[in-house]
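Participant: Coordinates only, no sequence provided:
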């Protein structure tokens, strides 16, 4: 405590040089206000819990060396605060609504607004979830004809059972089943149908509480409005799914809404802790995520391990341990305490708090050598389409993973092992305009991460079909401006690392770029099931966490906006558009670069080598 007292004396003396102080928290009680530098010198970590915060790559990394922050920082802050009209992708963001799974976590004010929504909480409280707990899963979208058939069959079975009970003067369905196999089959079919109907209605009740279900949704039918509303619910609670009712979604629906909002507050806190402390290890290298107040915040899809065993000497979940300490220091141990504590913090003149966290792990030191391995796992080179052009499932046991290692005191410590993608069969456009399938593989061998690009812009190659660059929006065809970026929906996400191969030319080095990147994506379902055009996709939140750690621990220089002119003419359905961009993103150069190795993987199909032929679509 003497160090803290000394820090207070020094801070008080230097108050004029400290325009924004940090409040020290212990055991949920606010205490001394210190200059951030003094708090850090006393062994504390200073967290910015304010609404004007953005991840380190989007601002702090540039400002730390006196450079101007990336322009997309303002858009990130607006989106995190729900001010969609103030961001370039305003229309799409308003449709997406919940952006945490897209890499933009809600601000503290947005978290508090959710926690304060007592009408929503009371609505959920009134729903009995017994039918959902017992529901046979999965339940998915039903085409209208199939839904009508199921509903009609259910009504017919109800009438038949009721008629049998009246005619035979039986007290219950159980008594009816004793009359013979035909009656037992009828009762079982009716009860299965009623269970499905009740489960769908229960889901719809929860979606109405969230004000996500439109009035046109048909009660008891898993129709398109219900599926779309469930997708929004899944996105709100960071569930990697696409509108189907499976175990993870069912578990969220039957969990009290206040508990879900407490988890939201803890995810908010975890992001701020990880960013401020530069923590990365999340237990994925061991397949053992840590708990925060007894909770695992990420669903299995976000910590996919598949058939991989734990990595030797893998780093434990230091991020969860630090967040748990921060939550206890702030007193956020219950829903009510977290809500009240967050409200009090947001009312303060300064959003900074100082807390004691566990000692930093050995890998968290400036200049620690890093290297990455991209392991494709099981690779299937077989052509994936049948004669009708329908894509056939090609399951593999081991999906691609990215492993980041830190070299510490002669040990190679795996920090994370995250799901990613590799190349596969993709559509390509020939110079004649014809669309074909080609295998677009990932480069194999040693490469370097040198250029780290924030808010990257995707310049579509000439082989990209024009119809991939347009979409219907607002009842009209338009260019997918968000896909090109800068945007959280850019094909490269919010941050990317370029795979360079250095080529010596006399005394100089040419940095060869074959178009392969490690980057974020909003196409999050592809990370677990799909392939790419050769790049290695990460969840946007993983990509931001990785680049934050890199910029916190590695030397770099700021190159800033990268000038490069794009002009692409797009033609589709008799229409013509011109795509124009003048820069490709905001660049940091790592000095020195980080070594990466892309492995070849293990062929598991009929083919044993990468295809080179073109297949006509």
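Facilitator: Structure's in. What do you need? Here the structure is a predicted model, which is why all the values come from computation and not from measurement. Residues are numbered from 1 along each chain as shown.
Participant: show me where pLDDT drops low in the protein?
Facilitator: 1-17, 617 (pLDDT under 70).
Participant: in it, which residue is closest to the centre?
Facilitator: residue 101 (3.5 Å; C-alpha atoms, centre = their mean).
Participant: in terms of contact, does that residue touch residue 240 like I think?
Facilitator: Yes - when contacts are counted by C-beta atoms under 8 Å, residue 101 is listed as touching residue 240 (7.3 Å). For every residue, glycine as well, the C-beta is placed using N, CA and C.
Participant: What distance do you get for the residue nearest to the centre of the chain to residue 535?
Facilitator: 19 Å (C-beta to C-beta, to the nearest Å).
Participant: One more: residue 430?
Facilitator: From residue 430 to residue 535 the distance is 22 Å (C-beta to C-beta).
Participant: Could you do residue 613 as well?
Facilitator: 22 Å.
Participant: Would you check how far apart residue 58 and residue 74 are?
Facilitator: 9 Å.
Participant: Tell me which of these two has more neighbours.
Facilitator: residue 58 (26 against 17; other C-beta atoms under 10 Å).
Participant: quick one, what contacts the more buried one?
Facilitator: By C-beta atoms under 8 Å, 6 or more residues apart in numbering, the contact list for residue 58 reads 69-70, 72-73, 76, 454-455, 494.
Participant: Kindly recompute the last result at 10 Å.
Facilitator: By C-beta atoms under 10 Å, 6 or more residues apart in numbering, the contact set of residue 58 is 69-77, 454-455, 494-495, 544, 547-548, 586.
Participant: That one - nearest residue in space that isn't next to it in sequence?
Facilitator: Leaving aside its sequence neighbours, residue 58 sits nearest to residue 73 (C-beta to C-beta, 6 or more residues apart in numbering; 4.5 Å).
Participant: For the strand or helix carrying that neighbour, enumerate the helices and strands it packs against.
Facilitator: Using DSSP states H and E, the element containing residue 73 is helix 72-80. Packing partners of helix 72-80 (3 or more C-beta pairs under 10 Å, 6 or more residues apart in numbering; DSSP states H and E): helix 60-63, helix 90-96, helix 108-115, strand 575-598.
Participant: which residues touch the closest residue to residue 189 other than its chain neighbours?
Facilitator: Residue nearest to residue 189 in three dimensions, not counting chain neighbours: residue 157, with 5.8 Å by C-beta to C-beta, 6+ apart. Counting by C-beta under 10 Å, 6+ apart, residue 157 makes contact with 186-194.
Participant: In helices, which of the residues you listed appear?
Facilitator: Counting by DSSP state H, the contacts of residue 157 place 186-194 in helices.
Participant: Residue 526: which of those is nearest?
Facilitator: residue 192 (34.1 Å; C-beta to C-beta).
Participant: Give me the number of neighbouring residues for the closest residue to the closest one other than its chain neighbours.
Facilitator: Nearest residue to residue 192, sequence neighbours excluded (C-beta to C-beta, 6+ apart): residue 136, at 7.5 Å. When neighbours are counted by other C-beta under 10 Å, residue 136 registers 9.
Participant: ok, residue 136 touching residue 196?
Facilitator: Yes - if you go by C-beta atoms under 10 Å, residue 136 and residue 196 touch, sitting 7.5 Å apart.
Participant: hmm, which of the contacts of residue 58 are the buried ones?
Facilitator: 69-70, 72-77, 454-455, 494-495, 544, 547-548, 586 (16 or more other C-beta atoms under 10 Å).
Participant: Give the full set of residues in contact with the closest residue to residue 338 other than its chain neighbours.
Facilitator: Nearest non-adjacent residue to residue 338, counting by C-beta to C-beta, 6+ apart: residue 332, 3.8 Å away. Going by C-beta under 10 Å, 6+ apart, residue 332 touches 25, 28, 262, 265-266, 268-269, 292-293, 323, 326, 338-342.
Participant: Now do the closest residue in space to residue 236 that isn't next to it in sequence against residue 45, distance only.
Facilitator: Once flanking residues are discounted, residue 236 sits nearest to residue 98: 4.2 Å by C-beta to C-beta, 6+ apart. For residue 98, the distance to residue 45 (C-beta to C-beta) stands at 28 Å.
Participant: Those two: who's more crowded?
Facilitator: The residue with more neighbours, out of residue 98 and residue 45, is residue 45; 23 against 18, by other C-beta under 10 Å.
Participant: Go ahead and confirm that one touches residue 364.
Facilitator: No - using C-beta under 10 Å as the test, residue 45 is too far from residue 364 to be in contact (11.3 Å).
Participant: who touches both of the two?
Facilitator: Joint contacts of residue 45 and residue 364 (C-beta under 10 Å, 6+ apart) are 277-279.
Participant: Closest to residue 591 out of the residues you listed?
Facilitator: Nearest to residue 591 among the shared contacts of residue 45 and residue 364, with distances taken as C-beta to C-beta, is residue 278, at 17.8 Å.
Participant: quick one on the thing from earlier: how about the helices and strands packed on helix 72-80 in TSV, adding distance to residue 557?
Facilitator: Output for these, formatted as TSV (distance: least, C-beta to C-beta, whole Å):
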stretch	distance to residue 557
helix 60-63	11
helix 90-96	32
helix 108-115	33
strand 575-598	5
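Participant: now for those, which one comes closest to residue 387?
Facilitator: From the helices and strands packed on helix 72-80, taking C-beta to C-beta, the stretch that ends up closest is strand 575-598, at 32.4 Å.
Participant: what pairs with the next helix or strand after that closest one, and is each one parallel or antiparallel?
Facilitator: The helix or strand immediately downstream of strand 575-598 is strand 602-603, counting by DSSP H and E. Using DSSP bridges, strand 602-603 pairs in its sheet with strand 378-379 (parallel).
Participant: Give me the distance from the following helix or strand past the strand it pairs with to the chain's centre.
Facilitator: Per DSSP H and E, strand 378-379 leads on to strand 401-408 as the next helix or strand towards the C-terminus. With C-alpha atoms, centre = their mean, to the nearest Å as the basis, strand 401-408 stands 21 Å off its chain's centre.
Participant: Run me through the strand neighbours of strand 401-408, direction for each.
Facilitator: Partners of strand 401-408, by DSSP bridges, with direction: strand 370-375 (antiparallel), strand 411-419 (antiparallel).
Participant: of those strands, which approaches residue 252 most closely?
Facilitator: Taking the strands paired with strand 401-408 one by one with C-beta to C-beta, strand 411-419 is closest: 20.6 Å.
Participant: Quick one: buried ones out of the contacts of residue 157?
Facilitator: Neighbour-count burial (16+ other C-beta under 10 Å) is assigned, among the contacts of residue 157, to 186-187, 190, 193.
Participant: Over to residue 146: give its phi and psi.
Facilitator: Dihedral pair for residue 146: phi -70, psi -40, per degrees, to the nearest 10.
Participant: for residue 23, that is, sorry about that
Facilitator: Torsion angles, degrees, to the nearest 10, at residue 23: phi -90, psi 130.
Participant: Tell me how far it lies from residue 49.
Facilitator: When residue 23 is compared with residue 49 (using C-beta to C-beta), they lie 10 Å apart.
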